[in-house]
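Asker: here's my sequence, what's the structure:
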Amino acid sequence: MEVWIQLLRRKPLGTIGAVIVVAMLGAAVLADVIAPYGFAQTSLRERFVRMSAEHWLGTDQLGRDLLTRLLYGARVSLYVGFGAVGVGCLIATAIGILSAYWGGRVDLLLQRGVDAWMAFPPLLLLMSIMSLVGPGVWNITAVLGVAFGIQNSRVIRGVALSIREHTYIEGARAAGAGHARITAGHILPNVLPTIIVVATTGLSTVILTEASLSFLGLGVPPPYPTWGGMLSLAGLDHMYQAPGLAIWPAVALSLAVFGFNMLGDALRDLLDPRLRGG
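Answerer: As a prediction, this is how the structure comes out:
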């Protein structure tokens with residue numbers, strides 16, 4: 001609670017980002033309630049309708065309501081984003097803490113694996129993996145989660161290394177605490193603020209990557225709407241005839257990335273002890 005109070009008082013951009021994130025969450029969760037039409041409901045008589053009282057943002061080449069598809073697209077982006085970040089945080093925490101705590105050969109093997117993964121261009125590697133496993137919500141969530149976890153394990157490892165050298169860790173060992181108790185009871189709670197910051201700042205990257213893969217046809221398959229897919233299919237083919245087909249998904253994607261970036265930066269400043277009060 002104290003963090004959110006400080007966010008309101010000291011971080012106006014972070015507050016704006018939090019409002020955008022909450023609005024997106026509300027739109028995604030309540031899409032079935034607030035969406036005026038079905039996301040796959042077509043009407044060829046209403047193709048390329050401009051903004052009106054019936055269709056606030058107009059319709060696409062099949063007569064589907066654009067506002068409805070944006071709302072359901074937010075659901076896909078947030079489902080994939082939160083799912084991938086959740087999986088990635090578990091992987092990053094496991095790799096980072098194990099590597100930092102055990103050191104030696106364990107650290108060497110894990111970090112060389114991380115180096116090998118990071119040696120490849122991220123988007124090209126993800127495209128190759130998605131072409132093998134096939135498109136789908138679960139597939140893209142799992143692939144992005146693994147990529148997020150491996151890439152951010154270095155951050156968790158750096159924090160865990162500094163915590164491992166503290167005197168209370170030596171005191172716990174002297175008191176007879178086992179490895180599991182030290183890692184779960186002493187290292188993990190002190191790494192948790194860093195995990196929260198990494199998760200919040202990484203959400204925008206995951207959402208943008210999911211949109212990129214959907215734009216290339218490797219994300220969630222049609223007819224379920226995604227912002228990247230809307231930009232790729234209708235946006236590119238009909239953007240001169242109906243510019244809103246490209247503008248509105250791009251605006252939604254930009255707002256999502258902006259909101260999570262601002263919220264993540266604000267939480268980083270508030271939760272990092274080195275920056276607190278600076």
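
Asker: mind checking how far the helix or strand G228 falls within is from the chain centre?
Answerer: Using DSSP states H and E, G228 sits within helix 227-230. With C-alpha atoms, centre = their mean, to the nearest Å as the basis, helix 227-230 stands 16 Å off its chain's centre.

Asker: my read: I207 touches F260, true?
Answerer: Yes: look at I207 against F260 with C-beta atoms under 8 Å: they come within range, at 7.1 Å. From N, CA and C alone the C-beta is placed, and that goes for glycine too.

Asker: report the contact partners of G219.
Answerer: M130, P135, I140, E210, A211, L213, T226, G228, G229 (C-beta atoms under 8 Å, 6 or more residues apart in numbering).

Asker: how far away is the third one from L108?
Answerer: Read it as I140. From I140 across to L108, the span is 32 Å (C-beta to C-beta, to the nearest Å).

Asker: try the last one
Answerer: When C-beta to C-beta is the yardstick, G229 and L108 sit 42 Å from each other.

Asker: what about the stretch 51-200 of the chain, any weak spots by pLDDT?
Answerer: Scanning the stretch 51-200 of the chain with the threshold set as pLDDT under 70 gives no residue ranges.

Asker: please repeat the previous calculation with a cut-off of 80.
Answerer: Within the stretch 51-200 of the chain, the ranges that satisfy pLDDT under 80 run 170.

Asker: where do the helices of it begin and end?
Answerer: 66-102, 104-118, 122-133, 137-164, 167-174, 179-182, 188-215 (DSSP state H, counting those that start in this stretch).

Asker: mean neighbour count and distance to G264 added to the ones you listed, as TSV?
Answerer: Converted to TSV, the helices of the stretch 51-200 of the chain look like this (neighbours: other C-beta atoms under 10 Å; distance: least, C-beta to C-beta, whole Å):
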stretch	mean neighbour count	distance to G264
helix 66-102	22	11
helix 104-118	13	21
helix 122-133	14	19
helix 137-164	20	12
helix 167-174	12	29
helix 179-182	12	29
helix 188-215	21	3
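
Asker: so for T59, which of the ones you listed sits nearest?
Answerer: Closest approach to T59 among the helices of the stretch 51-200 of the chain (C-beta to C-beta): helix 66-102, 6.2 Å.

Asker: and that closest one, what does it pack against?
Answerer: helix 12-29, helix 31-34, helix 104-118, helix 137-164, helix 188-215, helix 227-230, helix 244-271 (3 or more C-beta pairs under 8 Å, 6 or more residues apart in numbering; DSSP states H and E).

Asker: for W56, which of these is the nearest?
Answerer: Closest approach to W56 among the helices and strands packed on helix 66-102 (C-beta to C-beta): helix 244-271, 10.1 Å.

Asker: show me how far that closest one is from its chain's centre.
Answerer: Per C-alpha atoms, centre = their mean, the centroid offset for helix 244-271 relative to its chain is 11 Å.

Asker: and that helix, what does it pack against?
Answerer: helix 2-10, helix 12-29, helix 66-102, helix 188-215, helix 227-230.

Asker: now these as TSV including distance to L144?
Answerer: Shown next, in TSV, are the helices and strands packed on helix 244-271 (distance: least, C-beta to C-beta, whole Å):
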stretch	distance to L144
helix 2-10	27
helix 12-29	17
helix 66-102	4
helix 188-215	5
helix 227-230	13
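
Asker: out of these, which gets nearest to L267?
Answerer: Closest approach to L267 among those is made by helix 188-215 (5.3 Å; C-beta to C-beta).

Asker: distance from the closest one to the middle of the chain?
Answerer: 5 Å.

Asker: I'd like to know which elements it is packed against.
Answerer: Contact here means 3+ C-beta pairs under 8 Å, 6+ apart; on that basis helix 188-215 packs against helix 66-102, helix 122-133, helix 137-164, helix 227-230, helix 244-271.

Asker: now distance to S43 too, for these, in a markdown table please.
Answerer: Supplementary listing: the helices and strands packed on helix 188-215 in a markdown table, determined by distance: least, C-beta to C-beta, whole Å:
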| stretch | distance to S43 |
| --- | --- |
| helix 66-102 | 12 |
| helix 122-133 | 33 |
| helix 137-164 | 27 |
| helix 227-230 | 18 |
| helix 244-271 | 16 |
